[in-house]
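K.L.:
Quick one, structure for this:
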Amino acid sequence: MSESSILDRIQVDMTAAMKSKDADTLSTLRMLKSALMEAKTKKPKEAPFTSEEEIEILQRYAKKRRETIEELRKAGRQDLVTREEQEIAVTARYLPAAMDEDELRRLIRDAAAQVGATSPKDMGKVIGAVMGQVKGRADGSTVSRLVREVLAG
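P.N.:
Numbers count the residues shown, from 1 in each chain. The predicted model follows:
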(Lines give C-alpha, C1' and ligand atoms only; values in the text may rest on other atoms or scores of the structure.)
Protein backbone atom coordinates (compact mmCIF):
# COMPACT_ATOMS: atom_id res chain seq x y z
CA MET A 1 0.00 0.00 0.00
CA SER A 2 2.26 2.74 -1.27
CA GLU A 3 -0.40 5.45 -1.04
CA SER A 4 -1.05 7.28 2.20
CA SER A 5 -1.53 5.34 5.38
CA ILE A 6 -4.92 4.77 6.93
CA LEU A 7 -3.95 7.18 9.69
CA ASP A 8 -3.23 9.87 7.08
CA ARG A 9 -6.58 9.25 5.39
CA ILE A 10 -8.39 9.45 8.73
CA GLN A 11 -6.70 12.78 9.45
CA VAL A 12 -7.83 14.20 6.09
CA ASP A 13 -11.36 12.88 6.64
CA MET A 14 -11.44 14.39 10.14
CA THR A 15 -10.77 17.82 8.63
CA ALA A 16 -13.57 17.28 6.09
CA ALA A 17 -15.96 16.14 8.85
CA MET A 18 -15.11 19.24 10.91
CA LYS A 19 -15.77 21.51 7.93
CA SER A 20 -19.09 19.81 7.17
CA LYS A 21 -20.04 19.78 10.88
CA ASP A 22 -20.59 15.99 10.79
CA ALA A 23 -20.23 15.41 14.53
CA ASP A 24 -21.00 11.67 14.48
CA THR A 25 -18.40 10.86 11.82
CA LEU A 26 -15.88 13.17 13.46
CA SER A 27 -16.36 11.44 16.81
CA THR A 28 -15.76 8.00 15.26
CA LEU A 29 -12.72 9.23 13.32
CA ARG A 30 -11.24 10.66 16.51
CA MET A 31 -11.67 7.30 18.23
CA LEU A 32 -10.07 5.49 15.30
CA LYS A 33 -7.16 7.92 15.28
CA SER A 34 -6.76 7.49 19.01
CA ALA A 35 -6.70 3.68 18.69
CA LEU A 36 -4.06 3.89 15.95
CA MET A 37 -1.94 6.42 17.85
CA GLU A 38 -2.07 4.34 21.02
CA ALA A 39 -0.89 1.26 19.13
CA LYS A 40 1.84 3.29 17.49
CA THR A 41 3.22 4.37 20.88
CA LYS A 42 3.59 0.72 21.89
CA LYS A 43 5.99 0.02 19.00
CA PRO A 44 9.67 0.86 18.94
CA LYS A 45 10.19 4.27 17.33
CA GLU A 46 12.30 2.89 14.48
CA ALA A 47 9.75 0.22 13.51
CA PRO A 48 7.45 1.43 10.74
CA PHE A 49 3.70 1.06 11.15
CA THR A 50 2.47 -1.26 8.38
CA SER A 51 -0.90 -1.04 6.66
CA GLU A 52 -1.60 -4.60 7.88
CA GLU A 53 -1.14 -3.44 11.47
CA GLU A 54 -3.44 -0.48 10.88
CA ILE A 55 -6.08 -2.78 9.38
CA GLU A 56 -5.76 -5.17 12.31
CA ILE A 57 -6.34 -2.33 14.79
CA LEU A 58 -9.41 -1.10 12.93
CA GLN A 59 -10.77 -4.65 12.71
CA ARG A 60 -10.44 -5.01 16.47
CA TYR A 61 -12.29 -1.70 16.88
CA ALA A 62 -15.12 -2.88 14.59
CA LYS A 63 -15.27 -6.22 16.41
CA LYS A 64 -15.69 -4.43 19.75
CA ARG A 65 -18.53 -2.40 18.22
CA ARG A 66 -20.25 -5.61 16.99
CA GLU A 67 -19.90 -7.16 20.46
CA THR A 68 -21.33 -4.00 22.00
CA ILE A 69 -24.29 -4.19 19.59
CA GLU A 70 -25.03 -7.75 20.73
CA GLU A 71 -25.03 -6.64 24.36
CA LEU A 72 -27.19 -3.58 23.63
CA ARG A 73 -29.75 -5.71 21.78
CA LYS A 74 -29.93 -8.11 24.72
CA ALA A 75 -30.52 -5.11 26.98
CA GLY A 76 -33.22 -3.75 24.65
CA ARG A 77 -31.30 -0.55 23.87
CA GLN A 78 -32.02 -0.21 20.14
CA ASP A 79 -31.46 3.54 20.43
CA LEU A 80 -27.77 2.92 21.12
CA VAL A 81 -27.43 0.13 18.52
CA THR A 82 -27.86 2.63 15.68
CA ARG A 83 -24.93 4.70 16.92
CA GLU A 84 -22.68 1.63 17.11
CA GLU A 85 -23.72 0.58 13.61
CA GLN A 86 -22.78 4.04 12.32
CA GLU A 87 -19.35 3.66 13.90
CA ILE A 88 -18.87 0.31 12.15
CA ALA A 89 -19.90 1.89 8.83
CA VAL A 90 -17.34 4.69 9.24
CA THR A 91 -14.63 2.19 10.24
CA ALA A 92 -15.44 -0.02 7.23
CA ARG A 93 -14.37 2.82 4.89
CA TYR A 94 -10.77 2.14 5.88
CA LEU A 95 -10.87 -1.66 5.74
CA PRO A 96 -10.37 -3.87 2.68
CA ALA A 97 -13.56 -5.02 0.97
CA ALA A 98 -14.99 -8.06 2.73
CA MET A 99 -15.09 -11.40 0.93
CA ASP A 100 -18.53 -12.77 0.20
CA GLU A 101 -19.50 -16.06 1.80
CA ASP A 102 -19.45 -18.03 -1.47
CA GLU A 103 -15.87 -16.95 -2.15
CA LEU A 104 -14.97 -17.82 1.45
CA ARG A 105 -16.55 -21.28 1.13
CA ARG A 106 -14.44 -21.98 -1.98
CA LEU A 107 -11.31 -20.91 -0.11
CA ILE A 108 -12.30 -23.10 2.85
CA ARG A 109 -12.87 -26.16 0.62
CA ASP A 110 -9.45 -25.62 -1.00
CA ALA A 111 -7.78 -25.21 2.40
CA ALA A 112 -9.54 -28.31 3.76
CA ALA A 113 -8.25 -30.33 0.80
CA GLN A 114 -4.71 -28.97 1.27
CA VAL A 115 -4.51 -29.84 4.96
CA GLY A 116 -6.38 -33.13 4.54
CA ALA A 117 -9.30 -32.11 6.76
CA THR A 118 -12.07 -34.68 6.87
CA SER A 119 -14.09 -33.87 9.98
CA PRO A 120 -14.94 -31.04 12.37
CA LYS A 121 -11.96 -32.19 14.48
CA ASP A 122 -9.74 -30.59 11.82
CA MET A 123 -11.34 -27.14 12.18
CA GLY A 124 -8.26 -25.54 13.70
CA LYS A 125 -6.02 -26.55 10.81
CA VAL A 126 -8.48 -25.24 8.23
CA ILE A 127 -9.17 -21.99 10.07
CA GLY A 128 -5.44 -21.36 10.39
CA ALA A 129 -4.89 -21.92 6.68
CA VAL A 130 -7.83 -19.72 5.68
CA MET A 131 -7.15 -16.82 8.06
CA GLY A 132 -3.67 -16.42 6.60
CA GLN A 133 -5.19 -15.96 3.15
CA VAL A 134 -8.06 -13.62 4.02
CA LYS A 135 -6.18 -11.10 6.17
CA GLY A 136 -8.51 -8.21 6.79
CA ARG A 137 -11.19 -9.38 4.37
CA ALA A 138 -13.13 -11.79 6.58
CA ASP A 139 -13.83 -11.87 10.26
CA GLY A 140 -12.82 -14.86 12.37
CA SER A 141 -16.32 -15.72 13.57
CA THR A 142 -17.61 -15.89 9.98
CA VAL A 143 -14.68 -18.07 8.92
CA SER A 144 -15.24 -20.36 11.92
CA ARG A 145 -18.96 -20.73 11.16
CA LEU A 146 -18.34 -21.50 7.49
CA VAL A 147 -15.53 -23.97 8.25
CA ARG A 148 -17.89 -25.79 10.61
CA GLU A 149 -20.56 -25.89 7.85
CA VAL A 150 -18.15 -27.14 5.20
CA LEU A 151 -16.58 -29.82 7.41
CA ALA A 152 -19.94 -31.02 8.69
CA GLY A 153 -20.86 -31.78 5.09
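K.L.:
Dihedrals phi and psi, the residue nearest the centre of the chain?
P.N.:
Residue closest to the average C-alpha location in the chain (C-alpha atoms, centre = their mean): residue 59, at 2.6 Å. Its backbone dihedrals place residue 59 at phi -60, psi -40, with angles given as degrees, to the nearest 10.
K.L.:
For it, list the residues it contacts.
P.N.:
Contacts for residue 59 (C-beta atoms under 8 Å, 6 or more residues apart in numbering) come out as 95, 136, 139. To be clear about C-beta, it is placed using only N, CA and C from the backbone, and glycine gets the same treatment.
K.L.:
What of residue 83?
P.N.:
For residue 83, the residues meeting the contact criterion (C-beta under 8 Å, 6+ apart) are residue 24.
K.L.:
coming back round to it: now, of the contacts of residue 59, which are buried?
P.N.:
When neighbours are counted using 16 or more other C-beta atoms under 10 Å, these contain these buried positions: 95, 136, 139.
K.L.:
Residue 71: which of those is nearest?
P.N.:
Of all the buried ones among the contacts of residue 59, residue 71 sits closest to residue 139, with 17.5 Å by C-beta to C-beta.
K.L.:
can I assume the closest one is in contact with residue 60?
P.N.:
No. Proximity of residue 139 to residue 60 does not meet the contact threshold set by C-beta atoms under 8 Å, at 10.7 Å.
K.L.:
For residue 95, which three-state class applies?
P.N.:
Under the three-state scheme (DSSP: H, G, I helix; E, B strand; the rest coil), the conformation of residue 95 reads as coil.
K.L.:
Pick out whichever of the buried ones among the contacts of residue 59 sits closest to residue 64.
P.N.:
Ranking the buried ones among the contacts of residue 59 by separation from residue 64, with C-beta to C-beta as the measure, puts residue 139 on top at 12.2 Å.
K.L.:
For residue 133, see how far away that closest one is.
P.N.:
Spatial separation of residue 139 from residue 133 under the definition C-beta to C-beta, to the nearest Å is 14 Å.
K.L.:
Got the domain ranges for this structure?
P.N.:
Residue ranges for the structural domains of the chain, counted by automatic domain parsing, are given in the record as 6-92, 101-152.
K.L.:
among the ones you listed, which gets the worst mean confidence?
P.N.:
For the domains of the chain, the bottom mean pLDDT is recorded on domain 101-152, which sits at a mean of 84.
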